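Peer 1: build me a model:
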Amino acid sequence: MGRYRPPAPKKSPYITVEGHQRLSDELEDLWPTRREVVAALSAAAAEGDRSENAEYIYRKKQLGGIDRRIRYLQKRLDELKVVDNKPADPNKVFFGAWVELEDEQGETVRYRIVGPDEFDEEDDYISMDSPVAKALLGKGLDDDVTVETPKGKIIYIVVNVEYVQ
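Peer 2: A predicted model of the protein is given here:
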């Protein structure tokens, strides 16, 4: 019996200008890497018995990973819609906004709402598909935002909203 996995939910097709550039640069950088791996794979294949050739097996897996990423990026970049304009009301939270929130204990956090292809915990980017971002979208300054988490509800107050171009 096979392991059935339902298809993943479709990601939002939106991305910032910076995110689109980063993905395009990654795709561009993968091609020279692929050429190097193919050359190393050819050299390893020329050594003889491939079943016991660790270099050949490693390069084959590496090439497969690079090819998968290239296919994904080519397909995804065609689907993405670059959002490069500010909203009509800059005091409301929409895609691309930097949002500063304060919780009930007075601690503040700052997030940027971006597309699912560019979120990064180190940069405090959160996906627009995340529960926090979904709760924030459309809210304005001084609005209360309730976010459902596994630990319970968290209530935030929107302290600041800014857009960077």
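
Peer 1: how far does the helix or strand hosting Arg35 sit from its chain's centre?
Peer 2: According to DSSP states H and E, Arg35 maps onto helix 17-45. Computed by CA atoms, centre = their mean, to the nearest Å, the separation of helix 17-45 from the middle of its chain amounts to 19 Å.

Peer 1: so what's Val37 up against?
Peer 2: With contact set as CB atoms under 8 Å, 6 or more residues apart in numbering, Val37 has these partners: Arg59, Gln62, Leu63, Ile66. Bear in mind the C-beta positions are built from the backbone N, C-alpha and C, glycine included.

Peer 1: and the next element down the chain from the helix holding Arg35?
Peer 2: helix 54-79.

Peer 1: against which helices or strands is that following helix packed?
Peer 2: Packing contacts for helix 54-79, counted by 3 or more CB pairs under 8 Å, 6 or more residues apart in numbering; DSSP states H and E, involve helix 17-45.

Peer 1: got the angle between the helix it packs on and helix 54-79?
Peer 2: Using axes from the mean of the first three to the mean of the last three CA atoms, to 10 degrees, one finds that helix 17-45 and helix 54-79 are set 150 degrees apart in direction.

Peer 1: which one (most neighbours) among the contacts of Val37?
Peer 2: Highest neighbour count within the contacts of Val37, by other CB atoms under 10 Å: Arg59, with 21 neighbours.

Peer 1: touching, it and Ala40? I think so.
Peer 2: Yes. Taking contact to mean CB atoms under 8 Å, the distance of 5.2 Å between Arg59 and Ala40 places them in contact.

Peer 1: who touches the lowest-mean-pLDDT helix or strand in the chain?
Peer 2: The element with the least model confidence among the helices and strands of the chain, by mean pLDDT, DSSP states H and E, is strand 144-149, at a mean of 89. Contacts made with strand 144-149 from outside it, assessed by CB under 8 Å, 6+ apart, are listed as Leu101, Pro131, Val132, Ala135, Leu136, Lys139, Lys153, Ile154, Ile155, Tyr156, Ile157, Val158.

Peer 1: done for today, thanks.
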